[in-house]
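Visitor: dropping the sequence and predicted coords here.
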Amino acid sequence: MSKKSVIVIGAGPGLGNAVAREFAHHEFRVALIARKAPHLAKYQQAFEAEGIEVMTVAADAAKPETLTRAIETVRKAWGTPDVLVYNIGITVPDGNQPITSQLLMERYQVDVASGWHAAQLVATDEFASKKGAILFTGGGFAKTFQPILSLKPLCIDKAAMNAMNIVLHADFAPRGIFVGSVLVSGVIQKGDAKYDPALIAKQYWKMYEERGAYEVVY
């Protein structure tokens, strides 16, 4: 039997790479996708030093066609993946910039629409036959009446992502594909007793293993 694989869109030194490592600890090989090739090269070097089978592909969620190429690159190398993780959200504080409709549309593409795009790309019949899973990084503050007012577009987008997760969960479940979201409700920080990325990453593995609730507020 060939080794299982996970694609992590939104690789990075925080949660993205922690989720990749969590799956690697369960004998998955990992494909890391992020915007900057130099960063990916460093991640690859670190993962290989840990004995993890890894490949990296540069792509920009603001340009969904680059995600199409990246996922196809992984598929050609390793075949149909078993898990897709979409771990993207623009967390740059709004500052004094005006929140225009144009800005909202640009952020929506990255935070939400490209997640939909990636999900549709991987949800093939073969992915379904493998009981594949699609996991999103959601935002707990989008489920409450306590938005982070310095991150207005992100709050709006995470609410949309929560709705998208519910829609895709219902849409794909009859085919045997599990869709779920971990709604992170705090500031991710290494060394934190609760919000250390390695701790949060375990929720993704648990969701993949249990295939129960379509969302978990963490």
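Guide: Structure received.
Visitor: if the spatially most central residue of the chain is in a bridge, with which residues?
Guide: Taking CA atoms, centre = their mean as the criterion, Tyr86 is the residue nearest the geometric centre of the chain, at 1.9 Å. When bridges are called by DSSP bridges, Tyr86 pairs up with Ile9, Phe136.
Visitor: that one against Val122, yeah?
Guide: No: with contacts counted by CB atoms under 8 Å, Tyr86 stays clear of Val122, the gap being 10.0 Å. Where you see a C-beta, it was placed from the backbone N, CA and C, and this is true even at glycine.
Visitor: now the helices: where do they sit in this structure?
Guide: 15-24, 37-49, 64-78, 101-108, 114-122, 125-129, 152-172, 197-210 (DSSP state H).
Visitor: what mean pLDDT does the fifth one have?
Guide: This points to helix 114-122. Helix 114-122 carries an average pLDDT of 98.
Visitor: so for it, what gets flagged as buried?
Guide: Residues 114-119, 121-122 are the ones in helix 114-122 that count as buried (16 or more other CB atoms under 10 Å).
Visitor: list residues touching both of Tyr86 and Val122?
Guide: By CB atoms under 8 Å, 6 or more residues apart in numbering, Tyr86 and Val122 have these common neighbours: Ile134.
Visitor: gap between the two ends of stretch 166-184?
Guide: In stretch 166-184, first residue to last residue: 16 Å (CA to CA, to the nearest Å).
Visitor: so which bits of that stretch are buried?
Guide: 168-169, 172, 177-184.
Visitor: can those residues go into JSON lines with extra columns for distance to Thr100?
Guide: Conversion of the buried residues of stretch 166-184 to JSON lines gives the following (distance: CB to CB, whole Å):
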{"residue": "Leu168", "distance to Thr100": "28"}
{"residue": "His169", "distance to Thr100": "32"}
{"residue": "Phe172", "distance to Thr100": "34"}
{"residue": "Ile177", "distance to Thr100": "36"}
{"residue": "Phe178", "distance to Thr100": "37"}
{"residue": "Val179", "distance to Thr100": "31"}
{"residue": "Gly180", "distance to Thr100": "33"}
{"residue": "Ser181", "distance to Thr100": "28"}
{"residue": "Val182", "distance to Thr100": "30"}
{"residue": "Leu183", "distance to Thr100": "27"}
{"residue": "Val184", "distance to Thr100": "27"}
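Visitor: in strands, which of those appear?
Guide: With DSSP state E as the criterion, strands contain 178-184 from among the buried residues of stretch 166-184.
Visitor: where in the protein is pLDDT low?
Guide: Filtered on pLDDT under 70, the chain yields the residue ranges 1, 141-146.
Visitor: about what we covered before: out of the ones in strands among the buried residues of stretch 166-184, which comes closest to Arg35?
Guide: Ranked by distance to Arg35 (CB to CB), these are led by Val184 at 20.7 Å.
Visitor: for the closest one, which non-adjacent residue is closest in space?
Guide: Nearest residue to Val184, sequence neighbours excluded (CB to CB, 6 or more residues apart in numbering): Tyr218, at 5.5 Å.
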